[in-house]
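Asks: With the input below, show me the fold.
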Amino acid sequence: MAHHPRVNKISENSDNLICIHMALLPILCYPDSRLRTVARPVLAVDARIDQLVSDMLETMYEAKGIGLAATQVDVHERVIVIDVSEERDQPLVLINPELVWHSEEKHLNEEGCLSVPGIYDGVQRYDAVRVQALGRDGAMQTIEATALLAVCIQHEMDHLLGRVFVEYLSPLKRNRIQTKLRKAQREDAR
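Replies: Reported below is the predicted structural model:
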């Protein structure tokens, strides 16, 4: 399916029909202090949350990501979208996710993040996890995950706790990353 540009407003086209377009949401970049905000639970899976999920999925796909937490788009509620499929056609929505089990085994996995563009480094994550969460329809679901999906779930759940993956790295590496990203932001502002 062809990608159509999206805007976050209602507009009239040449046939005077009203069109509602999904929004591409701005993604916060590390070290923005809003990324440290702990997300609050979603109280009702309603039309507002459904629109947020649509906008987050569109934003994630456009940014070529495999996961996005609401915290990253400056919405501090417990909502995650993920799609680790090759075809990019199997979105997973986790609302109010709770980790209910994890394996004892961990591995070092190279991670990147849409909020830390261009930076990749190793982070220890559980090999397998079980998560309970509401789906987009508001029904409770249990997800058992291994491999990339398990890593992605843990990474995105960290965002809901106000944690970015670079916080697992040494202070020296974090400082270098902050310096590099601030320099890139200054250059982009010119």
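Asks: So what pairs up with the residue positioned nearest the centre of the chain in the strands?
Replies: Closest to where the C-alpha atoms of the chain average out (Cα atoms, centre = their mean) is residue 68, at 1.1 Å. Following DSSP bridges, residue 68 is listed with bridge partners residue 81.
Asks: Correct me if wrong: it contacts residue 160.
Replies: No. The criterion here is Cβ atoms under 8 Å, and residue 68 misses it with residue 160 at 11.4 Å. Yep, even glycine has a C-beta here, placed from its N, CA and C like the rest.
Asks: Quick one: mean pLDDT over the helix or strand containing residue 182.
Replies: Using DSSP states H and E, residue 182 falls within helix 171-189. In this model, helix 171-189 carries a mean pLDDT of 89.
Asks: how about the residue nearest to the centre of the chain, what does it touch?
Replies: Listed by Cβ atoms under 8 Å, 6 or more residues apart in numbering, the contact set of residue 68 reads 27, 56, 57, 59, 60, 80, 81, 82, 114, 156.
Asks: Name the member of the residues you listed with the shortest distance to residue 93.
Replies: Distance to residue 93 across the contacts of residue 68 (Cβ to Cβ) is lowest for residue 81, with 5.7 Å.
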